[in-house]
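> Could you work out the structure for the sequence below:
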Amino acid sequence: MRAATPSWLGLSSQSCLIEFAERPMETWVKRLAVVATVGMFLVLFLGATVTNTGSAEGCGRSWPLCHGEFIPSYALETAIEFSHRVVTAIEGFFIAAVAIGALRLRRGHLETKIYVGLMVGTLLLQSGLGASAVLWPQRPAIMAVHFGISLVCFASVFLLTRLLYQTSGGNSRPTPSAVSMSPWFRRATWLALIGALGVAYLGAYMRHGKAELACYEWPQCTRDGFIPTLSGPVGIALGHRLAAAALVVLVAGLTYVAYRHRETQPELFRVNLAALILLLLQALAGGFVVLTRLELWTTLAHAGLMALFFICVADACRQVRLRSAPSSPAGRVVLTPASGAAGGSA
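Predicted coordinates for the structure are as follows:
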């Protein structure tokens, strides 16, 4: 005779068996999500390598094959471009597996559906843009979009991984923050995310337009001073620097406000502090890009630090947005100190 599950646990025998069966799957999906996050950063890093080494045509006008071959003959530009394609293809399988697993484990979670849609959609979109750039040469204004889409894909995979580790159960919902940040703070955080995309786009536009050294001095633009002529590539480069400086001021202000709430919102303060440090390092790397006249390590560091900064700001946006709380029988959202304490580390 089958032993019954104690009723005081609030679980049936069937639900216990389902939970036990899902535990190994949850472990593997979480691990795959970590691998997919690292893999997406590698895809982004290799994409920056392709751009900054001039390897975009390393496989000629052939896609998805390379020079019409599955495994092409060796050349440095060919190896770089072919490696980027292979890693992107492998990453696609990881993202597909994570998407299926996340929807299975967190099917009642709206955030899961948003992040899965974003990461799958942006991965397909950036792959399509990459293919079109090979088959039909594009203008710098179009090519620059590729980097921004890669950032959104990277952030989506990262946030989904965070969600998987911070929640449990198919229908669990994240708890609200202990202290509700002011509306202007939430708007400013989202503004920082949009600003980061704008700065990244201008930087990518300069790379694809061969205008990285339009401002050939640092921190000033040219020997004529901080504000030279504002037309042509010089104007774009100067706009990129001014936008980056404004972003530093905005993120520094957000970090200061988060510092004042560090006792009740420690995770929010830490992610803003990390974002500020990464942004300052990224600006410094931008200076070295100019001073070293486009040394490869400086351009790659510049792109990599931007990616890490972007996921920090994206995580801050996730924390400050209005999150769902456990509902009362009447369906109203209940905010309690206990639930806030539990969600303070989210």
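> Any idea how far stretch 249-268 is from the middle of the chain?
20 Å (CA atoms, centre = their mean, to the nearest Å).
> cool, stretch 78-94 as well?
Centre-to-centre, stretch 78-94 and its host chain are 19 Å apart (CA atoms, centre = their mean).
> Also stretch 77-93?
How far stretch 77-93 lies from its chain's middle: 19 Å, per CA atoms, centre = their mean.
> What residues of it count as buried?
Applying a neighbour-count criterion of 16 or more other CB atoms under 10 Å, one finds Thr78, Ala79, Ile80, Glu81, Phe82, Ser83, His84, Arg85, Val87, Thr88, Glu91, Gly92 buried in stretch 77-93. Just so you know, the C-beta spots here come from the backbone N, C-alpha and C atoms, and that holds for glycine as well.
> One more: stretch 120-128?
By neighbour count on 16+ other CB under 10 Å, the buried set for stretch 120-128 is Val120, Thr122, Leu123, Leu125, Gln126, Ser127.
> cool, stretch 247-259 as well?
Result for stretch 247-259 [16+ other CB under 10 Å]: buried residues Leu247, Val248, Leu250, Val251, Leu254, Thr255, Val257, Ala258.
> Quick check: chain neighbours aside, which residue is closest to the first one?
Nearest residue to Leu247 in three dimensions, chain neighbours excluded: Gly195, at 4.8 Å (CB to CB, 6 or more residues apart in numbering).
> For the one you found, which three-state class applies?
With DSSP: H, G, I helix; E, B strand; the rest coil as the basis, Gly195 sits in helix.
> now the helices for the stretch 201-346 of the chain?
Using DSSP state H, counting those that start in this stretch, the helices found in the stretch 201-346 of the chain span residues 232-260, 266-291, 296-320, 337-343.
> what is the orientation angle of the first one with helix 296-320?
Think helix 232-260. If you take axes from the mean of the first three to the mean of the last three CA atoms, to 10 degrees, helix 232-260 sits at 40 degrees to helix 296-320.
> can you give me the mean pLDDT across helix 232-260?
Regarding helix 232-260, the rounded mean pLDDT is 92.
> so how far is that helix from its chain's centroid?
Centroid separation between helix 232-260 and its chain, computed with CA atoms, centre = their mean, is 19 Å.
> Give the burial count for Val34, as a bare number.
Val34 is flanked by 15 other residues according to other CB atoms under 10 Å.
> Now do the contacts for it.
Taking CB atoms under 8 Å, 6 or more residues apart in numbering, we find Val34 in contact with Thr161.
> Kindly confirm my reading that it is in a helix.
Yes - under three-state DSSP, Val34 falls within a helix.
> Show residues contacting stretch 184-199.
Residues outside stretch 184-199 that contact it (CB under 8 Å, 6+ apart) are 148, 151-152, 240, 243-244, 246-247, 250-251, 253-254, 257, 275, 306, 309-310, 313-314, 316-317, 320-321.
> That should have said stretch 285-298, apologies.
Applying CB under 8 Å, 6+ apart, the external contacts of stretch 285-298 come out as 49, 52-53, 203, 212-213, 215-219, 241, 244, 299, 301-302, 305.
> Minimum pLDDT in the buried residues of stretch 120-128, which residue is that?
For pLDDT, the smallest value among these belongs to Ser127: 81.
> isn't that one right up against Glu91?
No - counting by CB atoms under 8 Å, Ser127 does not reach Glu91; the two are 9.8 Å apart.
> Pipe the buried residues of stretch 247-259 into JSON lines and attach distance to Arg186 per row.
Shown next, in JSON lines, are the buried residues of stretch 247-259 (distance: CB to CB, whole Å):
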{"residue": "Leu247", "distance to Arg186": "17"}
{"residue": "Val248", "distance to Arg186": "20"}
{"residue": "Leu250", "distance to Arg186": "13"}
{"residue": "Val251", "distance to Arg186": "15"}
{"residue": "Leu254", "distance to Arg186": "10"}
{"residue": "Thr255", "distance to Arg186": "15"}
{"residue": "Val257", "distance to Arg186": "11"}
{"residue": "Ala258", "distance to Arg186": "12"}
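> Closest to Thr27 out of these?
Distance ranking of the buried residues of stretch 247-259 against Thr27, using CB to CB, places Ala258 first at 32.7 Å.
> give the contact list for the closest one.
Gln265, Leu268, Phe269, Asn272, Leu273 are the contacts of Ala258 under CB under 8 Å, 6+ apart.
> ChimeraX command for the buried members of the residues you listed?
To isolate the buried members of the contacts of Ala258 in ChimeraX, using 16+ other CB under 10 Å:
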select :265,268,269,272,273
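> Out of the contacts of Ala258, which one has the lowest pLDDT?
Ranking the contacts of Ala258 by pLDDT, Gln265 lands last with 89.
> I'd assumed Met181 was in contact with that residue.
Yes - using CB under 8 Å, Gln265 is in contact with Met181, at 7.4 Å.
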